[in-house]
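Engineer: my questions concern the predicted model and sequence given below.
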Amino acid sequence: MKEISVSELNELRKSEMPYQLIDIREDFEVENVNIGGLWIPMGNIPMEMQQIRKDVPVIIHCKSGVRSANITKYLEIQGFDNVSNLQGGIFAWIDQIDPSLSKY
């Protein structure tokens, strides 16, 4: 399984390179802290896979990186070779990139 660090994602966000960020957390989690991206709750991934791009890098994230790791593995089994898990999830983002988001 491919992974990306929050610092790598931060650099990607600053670049002109296209990518897709997918937030798989539940709605109440997204309401607390949101770093952008397409919101597809974890349980909806199988029905919403058509929204996941295959032509750009795709980064899957959750609160801590555990659920997103499972979804990244699932998507790889489904034939996606462009997906990466965000290591540490929102917790790592808050800790290393933007402490002002610390609402958890």
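Structural biologist: Now that the structure is in, tell me what you want to look at. Residues are numbered from 1 along each chain as shown.
Engineer: count the residues that sit near the residue nearest to residue 98 when sequence neighbours are not counted.
Structural biologist: Spatial nearest neighbour of residue 98, excluding adjacent residues (C-beta to C-beta, 6 or more residues apart in numbering): residue 35 at 7.8 Å. Quick note: C-beta positions are derived from backbone N, CA and C, even for glycine. Neighbour count of residue 35, defined by other C-beta atoms under 10 Å: 20.
Engineer: how close does the spatially closest residue to residue 42 that is not a sequence neighbour get to residue 99?
Structural biologist: Taking C-beta to C-beta, 6+ apart, and ignoring the residues beside it in sequence, residue 42 has residue 24 as its nearest neighbour in space, at 4.4 Å. The gap separating residue 24 from residue 99 is 23 Å, by C-beta to C-beta, to the nearest Å.
Engineer: and the next element down the chain from the longest helix along the chain?
Structural biologist: Looking across the chain with DSSP state H, the single longest helix is helix 66-77. Heading C-terminal from helix 66-77, the first helix or strand you meet, by DSSP states H and E, is strand 83-86.
Engineer: neighbour count: residue 24 and residue 99, which is higher?
Structural biologist: Neighbours around residue 24 and residue 99, counted as other C-beta under 10 Å, are more numerous at residue 24. The numbers are 25 against 9.
Engineer: tell me which residues touch the residue of the chain most remote from its centre, please.
Structural biologist: The C-alpha centroid of the chain is most remote from residue 100, which lies 19.3 Å away (C-alpha atoms, centre = their mean). Taking C-beta atoms under 8 Å, 6 or more residues apart in numbering as the contact definition, residue 100 lies against nothing.
Engineer: ok, it to residue 93 distance?
Structural biologist: 11 Å.
Engineer: and if you look at residue 102?
Structural biologist: Residue 102 is 10 Å from residue 93, by C-beta to C-beta.
Engineer: for residue 15, same thing?
Structural biologist: 17 Å.
Engineer: who's more crowded, these two?
Structural biologist: Ranked by neighbour count (other C-beta under 10 Å), residue 15 and residue 93 place residue 93 first, with 20 against 9.
Engineer: please consider this matter closed, and thank you.
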